[in-house]
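Colleague: Turn this into a model:
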Amino acid sequence: MAITKYYEDGQDFWRVYVHMRSRVNKSKRFQKTIFRLKSETEARREEKKLIRQLSMEAQKFDGLGLSWDDVVHLWWKEVQAGYFGKITERSAEGYFSIINKWTTPWKARPASELSRADGRTLMLRLEKAGLSRAYQKKVKNIINKVFDWGIEFGYIIGTSTSPLRGILVDKGEEKAPDILSLEEIKKFLSVAQAVTHHWYPIWSFAILTGMRSGELHALTWDQIDLEKNLIMVDRSYDSNMKVTGPTKGRYWRTIPINSSLRRLILDLKSGPDQTHSSHVLPRSKDWDNGDQAVAIRNFLKSINMKPIKFHALRACFATQMLANGVPAPVVMKIGGWKKSATMDIYLRLAGVDTKGATDCLQFVPDQISFGDNVVNILSKRSEL
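Modeller: Sure, this is the predicted structure:
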């Protein structure tokens, strides 16, 4: 399959070539070429049509339907051609990797023959591998999406549902996320500042703003307005692709600058590293490569504190804001959270929604001394 550009009669044209092989008879090929297409966009549209047309012809010839590997391959081709709208290349690559890793036994089998038993066997493998419930759900959802796509476009025939559809993933035990308390935050940042750790301004910025690692990495001076005391967050760095693009939520937001953050910004602005840099925070190779979790984990271990993930600094920001009376909708707006379920977790961690709820339980008289009463009761029993 290929799209090529060529020059003819003083004009640029595009050519599309697509071929498919029969799975039953490898010598049987289905191929077609279209010439003189006037744009790459038109060429990609025609390539998409040809892929579907020829795969259907091969499928009919074989009488079995496409294999799971064929379906995944065609899905991946459509992703690469940009036919899936908002899905990012990074997400698509992650999906593709997960599918290849966990559905290897399915590859050569006709997709239409995959049954609920195959789905249960796959989920059992995930369970035995000790994977989290969240990851198991992710695998299941990705496979369901690709399978549904294959059915919708006629690549999978003879069945109307994914082998994983309807299989429930046990929620398991919910564990509280690891974050730092107020005193732990103070110790963490104080020690990092005292040893002039090169990650100190990044960690401080993260806790004071709730910004994600990619948003902090992409932060430039033109996003900071010290007159209005606001930071405009409208971009994020992707460490896998090494490019800067939109934020995770794909919308901009503003973050107010408090006095502590303002002092940090002024220190960074006057620092020796800012002479020719448009970026606010110091660059480092480990950060460029997306290894921010390693740095914070190693540092916390070195000062005998519990290790947390870099992303947990956002949770520290949220819980401290909530604990100090900032309404949850405001915290969500500043931090760029869309799901209230995430904020519910932080509310529980901060104890805001239950704070003072037991103050009304005044059943025990103030003057009772439990120690004396226990002694008196025991001595009375001994006299009987």
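
Colleague: Please make it C-alpha for all contacts and neighbour counts, starting now.
Modeller: Will do.

Colleague: Buried residues in stretch 225-239, which are they?
Modeller: Using 16 or more other C-alpha atoms under 10 Å as the burial criterion, the residues of stretch 225-239 that qualify are 230-239.

Colleague: Turn the residues you listed into TSV, including secondary structure, pLDDT and distance to Asp344.
Modeller: Shown next, in TSV, are the buried residues of stretch 225-239 (DSSP: H, G, I helix; E, B strand; the rest coil; pLDDT from 0 to 100; distance: C-alpha to C-alpha, whole Å):
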residue	secondary structure	pLDDT	distance to Asp344
Leu230	strand	97	26
Ile231	strand	97	26
Met232	strand	97	26
Val233	strand	97	24
Asp234	coil	95	25
Arg235	coil	95	26
Ser236	strand	94	25
Tyr237	strand	92	28
Asp238	strand	84	28
Ser239	coil	82	29
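
Colleague: Out of those residues, which comes closest to Asn258?
Modeller: Nearest to Asn258 among the buried residues of stretch 225-239 is Leu230, at 9.1 Å by C-alpha to C-alpha.

Colleague: nearest residue to the closest one other than its sequence neighbours?
Modeller: On the basis of C-alpha to C-alpha, 6 or more residues apart in numbering, the spatially nearest residue to Leu230 that is not a chain neighbour turns out to be Pro256, at 4.6 Å.

Colleague: who are the neighbours in contact with the one you found?
Modeller: Under the criterion of C-alpha atoms under 8 Å, 6 or more residues apart in numbering, the neighbours of Pro256 are 229-231.

Colleague: For Ile296, which residues are in contact?
Modeller: For Ile296, the set of contacting residues under the criterion of C-alpha under 8 Å, 6+ apart consists of 307-310.

Colleague: What are the structural domain limits within this structure?
Modeller: 1-62, 64-175, 182-350 (automatic domain parsing).

Colleague: Can I get those domains in TSV including distance to Thr358?
Modeller: Formatted as TSV, the entries for the domains of the chain read as follows, by distance: least, C-alpha to C-alpha, whole Å:
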stretch	distance to Thr358
domain 1-62	63
domain 64-175	24
domain 182-350	15
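
Colleague: of all those, which lies closest to Asp359?
Modeller: Shortest distance between Asp359 and the domains of the chain, using C-alpha to C-alpha, is found for domain 182-350: 17.6 Å.

Colleague: Please determine how far the closest residue to Leu164 other than its chain neighbours is located from Arg125.
Modeller: Distances taken as C-alpha to C-alpha, 6+ apart place Gly119 nearest to Leu164, at 4.8 Å, with adjacent residues excluded. Distance of Gly119 to Arg125, given as C-alpha to C-alpha, to the nearest Å: 10 Å.

Colleague: Phi and psi next, for His19.
Modeller: phi -140, psi 150 (degrees, to the nearest 10).

Colleague: Wait, it touches Lys28, no?
Modeller: No - under the criterion of C-alpha atoms under 8 Å, His19 makes no contact with Lys28, lying 10.5 Å away.

Colleague: So for those two, which sits in the more crowded spot?
Modeller: Of the pair His19 and Lys28, His19 is the one with more neighbours under other C-alpha atoms under 10 Å, namely 16 against 13.

Colleague: residue contacts, the more buried one?
Modeller: Counting by C-alpha under 8 Å, 6+ apart, His19 makes contact with 1, 29-32, 51, 54.

Colleague: JSON lines for these, including pLDDT and distance to Ser278?
Modeller: Written out in JSON lines, the entries for those read as follows (pLDDT from 0 to 100; distance: C-alpha to C-alpha, whole Å):
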{"residue": "Met1", "pLDDT": "60", "distance to Ser278": "43"}
{"residue": "Arg29", "pLDDT": "84", "distance to Ser278": "55"}
{"residue": "Phe30", "pLDDT": "84", "distance to Ser278": "54"}
{"residue": "Gln31", "pLDDT": "88", "distance to Ser278": "52"}
{"residue": "Lys32", "pLDDT": "90", "distance to Ser278": "51"}
{"residue": "Ile51", "pLDDT": "82", "distance to Ser278": "46"}
{"residue": "Leu54", "pLDDT": "82", "distance to Ser278": "51"}
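
Colleague: top of those residues by neighbour count?
Modeller: Highest neighbour count within the contacts of His19: Ile51, with 21 neighbours (other C-alpha under 10 Å).

Colleague: Which helix or which strand is home to it?
Modeller: Following DSSP states H and E, the helix or strand that holds Ile51 is helix 40-62.

Colleague: go on, Arg262?
Modeller: Here Arg262 is covered by helix 259-270, with elements defined by DSSP H and E.
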